[in-house]
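Student: model this:
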Amino acid sequence: MPLVTSRIINLICQKERSMKRFALVLAVMFSVSLARADKIWLSDGSVLVGQVQQVFKGKAKIKTDFAGVITIDQAKIVNIETALPLHGVLNNDERLSGKVTPGEAGQVKVEGVAAPIALNNVKALWMTGAPDPTIPTLPSARKWSGEASIDVSGKTGNTEKFTGGAGLKGIMEGPQDRLMLYVNGVYSRENSVTNEKEYRFGADYERMIANTHNSWFAKVEFEKDDFSGYKLRTHAVAGYGYFFFKEPDHQLRLRIGASYMRKEYYDGEKDNAYGFDLNLHYERLIDEWGKLVSDVTYTPALNDTDDYRIYHESALDIPLLMKKPLSLRLGISNEYNNLVDEDAERLDTTYFAKLVYKWK
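Tutor: This next block holds a predicted model:
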């Protein structure tokens, strides 16, 4: 019995010694981690312990074990100490790098810098490997998107009629600018006689001005229409744009620009016209299932008041499959040219239904 008691006592003693060693190890580890931790002394006497993430624009961020990242006012900081080197910029744009140690109240010392630095003279501090917060973030990269459309209609019986059209559009858009390239064509024949053949392609570039609702733009378009009397129409516009409102799902924009139009007729004559270009563009997403787009453009000539063009188009996109890129586009377009050949109509009205495939 005494032998059993002795063994029990020895086991208890060994366990106590193990617990003491374990507690000592924990204490050493805690003291080492505390020694390696960054510290921020505040004006109210409290000390924050953790890892200094950043000091910028009057705010300091420190990552703590007990509360995550804490943000405090730079004006409340009395002193800073870091275990690892930080990068920094002063208000005079002088750059520095090194460990930060406490100085007098309101001052710190930086490794490699002889004189103490006033905390209110610090423009920014940040961790090694982190980006410099004083350098503006580059805008998001431009992204391409596009769409392809096709429409076909026909009639048989007493009259044989066929009409077909196709279009392709590519858009490169960034935070501050937008480039659109497009091409489309229409072909129609009735009783084996072609009565419509039109091709149009162009480019439209717009850039916002200083993050406002103002913009400038440049646009050029080429059109070939065998049944309007001219074999090539060139239209170039540049000017100013203003967004009355510009939201992801709703926008209204007005453009005013100087325009140049050149018409080359089949009889060899050429006509140049300088004028203005006024455009009103409206678009709206409808309950996340459709999109309405409407455009009206008025282009009068300066040298001839009888020479002007009005173009209007309104269309509604209706998705055929929810959350899929395939949609049906229903719309109407009107083109009025005041100066055309004697045997040509001034107004062309088109009702269309197109199958549209979009990609991003």
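
Student: isn't there a helix covering residue 120?
Tutor: Yes. Secondary structure of residue 120 (DSSP: H, G, I helix; E, B strand; the rest coil): part of a helix.

Student: Can you give me the distance of it to residue 233?
Tutor: Using Cβ to Cβ, to the nearest Å, one obtains 65 Å as the distance from residue 120 to residue 233. (C-beta placed from N, C-alpha, C; glycine too.)

Student: Which of those two has more residues huddled nearby?
Tutor: residue 233 (20 against 12; other Cβ atoms under 10 Å).

Student: quick one: which helix or strand includes that one?
Tutor: Secondary structure assignment for residue 233, by DSSP states H and E: strand 230-247.

Student: helices and strands around the helix or strand just after that strand, which ones?
Tutor: Next along the chain after strand 230-247, taking DSSP H and E as the criterion, comes strand 250-265. Counting by 3 or more Cβ pairs under 8 Å, 6 or more residues apart in numbering; DSSP states H and E, the packing neighbours recorded for strand 250-265 are strand 214-225, strand 230-247, strand 270-286.

Student: so where's this structure uncertain?
Tutor: By pLDDT under 70, the low-scoring segments of the chain are 1-36, 137-140, 228-229, 288-289, 322-324.

Student: how far out from the middle of the chain is stretch 353-360?
Tutor: The chain centre lies 22 Å from the centre of stretch 353-360; the measure is Cα atoms, centre = their mean, to the nearest Å.

Student: do stretch 211-218 as well
Tutor: In terms of Cα atoms, centre = their mean, the centre of stretch 211-218 is set 15 Å apart from its chain centre.

Student: mind listing what's buried in that stretch?
Tutor: For stretch 211-218, the buried set under the neighbour-count rule, 16 or more other Cβ atoms under 10 Å, comprises 215, 217.

Student: now do stretch 73-89
Tutor: For stretch 73-89, a neighbour-count test (16+ other Cβ under 10 Å) marks 77, 78, 79, 80, 81, 82, 85, 86, 87, 88, 89 as buried.

Student: Pipe these into CSV and attach secondary structure per row.
Tutor: As requested, these are arranged in CSV below (three-state DSSP):
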residue, secondary structure
77, strand
78, strand
79, strand
80, strand
81, strand
82, coil
85, coil
86, strand
87, strand
88, strand
89, strand
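
Student: As a markdown table, these with distance to residue 269 would be great.
Tutor: Rendered in a markdown table, the data for the buried residues of stretch 73-89 read as follows (distance: Cβ to Cβ, whole Å):
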| residue | distance to residue 269 |
| --- | --- |
| 77 | 79 |
| 78 | 85 |
| 79 | 85 |
| 80 | 80 |
| 81 | 85 |
| 82 | 80 |
| 85 | 77 |
| 86 | 75 |
| 87 | 70 |
| 88 | 72 |
| 89 | 67 |
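
Student: so residue 296 touches residue 254, yeah?
Tutor: No. Residue 296 sits out of contact with residue 254 when judged by Cβ atoms under 8 Å, with a separation of 10.4 Å.

Student: got any residues that touch both of those two?
Tutor: Common contacts of residue 296 and residue 254 (Cβ atoms under 8 Å, 6 or more residues apart in numbering): 279, 280.
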